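K.L.:
3D, please:
(2 chains)
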Amino acid sequence: MSGSDQGKGPDVLDARDRVRFEQLVLPHLDAAFNLARWLLRSRADSEDVAQEAMLRACRFFRGFHGGDARAWLLQIVRNTCYTWLEKNRPVELMTEFEEELHQQPGASPEALAIAGDNRERLIRALETLPPRFREVVVLRELEGCSYKEIAAITAIPIGTVMSALARGRQRLQRALTISATQESPRGL
Amino acid sequence: MGCDYARTALHGYLDGELDATRSAEFERHVESCRECAKTLEAGESLRSSLQSAGLYEQAPISLRKKVRADLGAATASPVALRILAWRWLAVAAAILLVASISWYAWPRLQNSVASSPVTAAEIIDAHVRSLQPGHLTDVASTDQHTVKPWFDGKLAFVPPVKDFADEGFPLLGGRLDVLNGQNVAAVVYGRRKHLINVFVWPTKEPDTPIHPPGARQGYQWVHWRHQGMEFCAISDVPASDLHELAQLIYQ
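P.N.:
Next up is the predicted model:
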C-alpha cells in the first residue's frame, strides 16, 4: 500500500457520516475482501487492495444516498481490483477471449461429484476462469448476490448476467472435469 | 446446447430469478428434456460443491484493524482540522469527542450479544427450536397488517413488523418466544429457501448500531438496539443478507 492518497484533501467523513459508514459499509468488509481475493487470487495483495477500496469508499461516501450498500461497496472494490490488475498484471486481463474458440460440452454430474471432494481443485478451477466469469460466479455462488446486484457491481446489463453465469459455470465444470481426469489413474 | 430453455431459462431457474409463471413452465419442460435435466443437475452439484468447500474468505483481523485506523484518520484528520476556522473549533472538539466515543464503544459492541443478558447460545437455541415442524409461526401471514396486530395485547410492547418481499425478504409470520425468561417477539422472514428469525424485546440500554455479525455452529446473527428495542436477527444465510434485512428494519 503506497498510502499516497490517505487523508488527501478535505474530502473526509464528518462524525455523522462516520457513524453511518460504520453501520452501512463497514459490515461488508468481508464481502469486499472475498471479492478482492478471488479477483486477485492472492490474500496478501487483496488485503492491500481491499484497504485501498475502503479508503475510496470513505471518500465517495457523501455520494452514497442510500440503497444497497453492499453492491455500492463491491462496485468500488471491483474497480479498484481492475485498476490494480491493469497496473500490475495486465496480461491476466487480456486472456479472456481466446477460449471462445474451443467450446466443449460441460462436465457430467458424476465427474463433478468426484471433483467436488477436493477443495484445492475447486480453488484452482475457479482461479483459472477469466476474471469476467470468475467475478459473476463468486458474486452469485459465494456472495449470494441477485442478478440485479451483480449487474450493478459489474456494470454489465442485467440481461447479460444470466448468460455470463451460464458460461462461467460451464467453464468451471469443464476445468473441474479436466482436473478430475488428469488426476485419475492413467489408462482411461 | 440445442435446447432453447437451456440458454434462456435454466440458470435463471437455478438462481431463483424467474417469476412464478416462467418457473413453473421450466419445471414442466425439464420433466421431458434430458439435456436440461442433466445441465440443471450439474449446476446444482457445482453449487453445492462450491458452497460446501468453504471458499468464502473473510477479512483478516489485520485488515480490519487497518481499515479502522484509516477511518479514524479520515474522521479527525489534521488536514481537516487545520482548514477549520477558529469559530469552528468547538465543532471540531465535538467531532473529536464523538469519534473517541465511537472508538471506545467499538470493542464493546463486538461483544454486546455475549455480554447482554440474552446470550448467543439462547438465540441459537431459539432459532433451532423454531425450525422444528410446527414451531415456526403462531401467526402465519405475509401481511404485516395481520402479523402486527396479532402481537398486540400478547406483549407489553409492539415490535415493528413490515413485509420486505420487494427487497427479497418476504414476511412469513410471527410468534411468541421466550429468551432468558422474558417474552420476546419473533418475526419470521424468508430469504430464498432460508428462514430468518428476528427477535425483538424491550431494553433500557442506549441505541447501538447494527454491529458486525457473530457466527457459531453455522448460524450468523446481527444485533442492534433502536428506540428502546433490542433486535437480534439470526439465520444460516450469509451475514451480508442479515445486514441488509437489519438495515431495512432499522429504517
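K.L.:
list, one by one, the residues from the stretch 151-251 of chain B near chain A.
P.N.:
Contact residues (CB under 8 Å from any CB of the partner chain) of the stretch 151-251 of chain B with chain A: B:168, B:192, B:209-210, B:212-213, B:222, B:237-241, B:243-244, B:247, B:250. No exception for glycine: its C-beta is placed from N, CA and C like everyone else's.
K.L.:
mind running it again at 6 Å?
P.N.:
B:209-210, B:212, B:238, B:240, B:243 (CB under 6 Å from any CB of the partner chain).
K.L.:
just flag the most distant two among these.
P.N.:
B:209 and B:238 (19.5 Å; CB to CB).
K.L.:
now do the helices in chain B.
P.N.:
With helices called from DSSP state H, chain B shows them at B:4-8, B:10-14, B:20-32, B:34-52, B:61-75, B:78-82, B:89-110, B:112-115, B:120-130, B:144-151, B:239-250.
K.L.:
wait, does the second one make contact with chain A?
P.N.:
Yes - contact of helix B:10-14 with chain A is found when judged by CB under 6 Å from any CB, involving B:11-12.
K.L.:
for chain A, name the helix or strand with the lowest mean pLDDT.
P.N.:
Within chain A, confidence by mean pLDDT, DSSP states H and E is lowest for helix A:109-116 among all helices and strands, at a mean of 51.
K.L.:
pick the one among the residues of the stretch 151-251 of chain B next to chain A closest to residue A:54.
P.N.:
residue B:212 (14.1 Å).
K.L.:
and the pLDDT for the closest one?
P.N.:
pLDDT recorded at residue B:212 is 68.
K.L.:
please apply the same query to residue B:115.
P.N.:
Residue B:115 carries a pLDDT value of 39.
K.L.:
just residue B:108 next, same as before
P.N.:
At residue B:108, pLDDT is 47.
K.L.:
and if you look at residue B:157?
P.N.:
85.
K.L.:
between helix B:34-52 and the helix or strand following the least confident helix or strand of chain A, find me the angle.
P.N.:
Under the assignment DSSP states H and E, the closest C-terminal helix or strand after helix A:109-116 is helix A:119-128. Angle of helix A:119-128 versus helix B:34-52, following axes from the mean of the first three to the mean of the last three CA atoms, to 10 degrees, is 110 degrees.
K.L.:
which parts of helix A:119-128 are buried?
P.N.:
For helix A:119-128, burial by neighbour count (16 or more other CB atoms under 10 Å in any protein chain shown) applies to A:121-122, A:125-126, A:128.
K.L.:
pLDDT (mean, whole number) over that helix?
P.N.:
The average of the pLDDT scores along helix A:119-128 is 90.
K.L.:
and the longest helix along chain A with chain B, contact?
P.N.:
Looking across chain A with DSSP H, the single longest helix is helix A:158-183. Yes - contact of helix A:158-183 with chain B (CB under 6 Å from any CB) involves A:162, A:165-166, A:169, A:173.
K.L.:
can you check stretch A:37-46 too?
P.N.:
Yes - judged by CB under 6 Å from any CB, stretch A:37-46 and chain B are in contact via residue A:37.
K.L.:
ends of that stretch, what's the gap?
P.N.:
Taking CA to CA, to the nearest Å as the measure, stretch A:37-46 stretches 5 Å from start to finish.
K.L.:
give me the contacts around it.
P.N.:
A:36, A:81, A:127, A:131, A:138, B:57 (CB atoms under 6 Å, 6 or more residues apart in numbering or on different chains).
K.L.:
mind running it again at 8 Å?
P.N.:
Here stretch A:37-46 makes contact (CB atoms under 8 Å, 6 or more residues apart in numbering or on different chains) with A:33, A:36, A:49, A:78, A:81-82, A:84-85, A:88, A:126-127, A:131, A:134-135, A:138, A:142, B:57, B:60.
K.L.:
what about burial for these, which qualify?
P.N.:
Listed as buried from the contacts of stretch A:37-46 are A:33, A:36, A:49, A:78, A:81, A:84-85, A:126, A:131, A:134-135, A:138, A:142, B:57; burial here means 16+ other CB under 10 Å.
K.L.:
who does the closest residue to residue B:196 other than its chain neighbours bridge with?
P.N.:
Spatial nearest neighbour of residue B:196, chain neighbours left out: residue B:235 (4.0 Å); criterion: CB to CB, 6 or more residues apart in numbering or on different chains. Taking DSSP bridges as the rule, residue B:235 bridges to residue B:196, residue B:220.
K.L.:
residues in contact with residue B:235?
P.N.:
By CB under 8 Å, 6+ apart, the contact set of residue B:235 is B:127, B:191, B:194-197, B:219-221, B:241-242.
K.L.:
switch the cut-off to 10 Å
P.N.:
Applying CB atoms under 10 Å, 6 or more residues apart in numbering or on different chains to residue B:235 gives the contacts B:127, B:189-191, B:194-198, B:219-222, B:241-242, B:245.
K.L.:
I'm done for today, thanks for sticking with me.
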